[in-house]
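In: the sequence and its predicted three-dimensional model are supplied below.
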Amino acid sequence: MNIPKIHSISKKIFVALLGVFLSIFLLFHAAANLCILRQDGGAWYNAFCDFMGTNYVIKVFEIILLGAFLLHMVLTIWIAFTNRMARPKGYHKAQRSKTHTGSKLQVWTGILIFVCLLLHFMDFYFVKIGLVNGNLNFYEQAHEKFQIPHIAISYLVFFVVVWFHMRHGFAAMFQTLGLYNYKYGKAIEIFGIIFATVVCLMFTAVVVGVYFGL
């Protein structure tokens, strides 16, 4: 199988930079979603969604964002595949690897996130751009979706997967970009855990709050 020749380091750097971009977006998205919990009948959140849906700069950004996510996923799978092809035979004896468990599962959590996001896009983004019929009042739609037990639980499980992916990916980004060293390594890992936890708890708060009518 012929695979385009791109240096492995270059692919990893692209993955890391895209990871930084996507992490910042997730923080922004989680903060925006908290507007759903305001007791204003959805005024703030619907105004935000209307702005996001009508501003042409935002529309271009959404395409860039979707492209960044797809490229991040494709490059990650590409790296894993080429690494596997470079070592097609397993070891004769089982060896204990020092590789963090999160690193070993990173590709799989990423694929699971991709599948879950496709379902999420069906409910929200694809409705907005007219590919799928649905309620364009996203405040009402969020309340409809998150008050259904199995959907609420599915989202909560999804956030756990996202947490594991971000928790490992944060430190890995710094390592790939050459910003991880013995002096600051532990602090970077702790900050990564805090960042992933805060983002996922913000998303979780919305689902739990809507489900319990808070």
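Out: Received the coordinates, thanks.

In: the spatially most central residue of the chain: which element?
Out: With distances taken as CA atoms, centre = their mean, the residue of the chain nearest its centroid is Val162 (5.9 Å). Val162 is part of helix 149-176, with elements assigned from DSSP states H and E.

In: would you mind listing the buried residues in that helix?
Out: 151-152, 155-156, 158-159, 161-174, 176 (16 or more other CB atoms under 10 Å). For every residue, glycine as well, the C-beta is placed using N, CA and C.

In: next one: stretch 69-87
Out: In stretch 69-87, counting by 16+ other CB under 10 Å, buried: 69, 72-73, 75-76, 78-79.

In: I figured Phe164 hits Thr109, correct?
Out: Yes - look at Phe164 against Thr109 with CB atoms under 8 Å: they come within range, at 5.5 Å.

In: the residue nearest to the centre of the chain touches Leu112, doesn't it?
Out: No - using CB under 8 Å as the test, Val162 is too far from Leu112 to be in contact (9.4 Å).

In: tell me who's in contact with Met173.
Out: For Met173, the contacting residues are 16, 19-20, 23, by CB atoms under 8 Å, 6 or more residues apart in numbering.

In: in the protein, which helix or strand is least confident?
Out: helix 125-128 (a mean of 67; mean pLDDT, DSSP states H and E).

In: next secondary structure after it?
Out: helix 138-146.

In: now do that following helix, average pLDDT.
Out: For helix 138-146, mean pLDDT is 83.

In: quick revisit: which member of the buried residues of stretch 69-87 is positioned nearest Asn181?
Out: Ile79 (22.8 Å; CB to CB).
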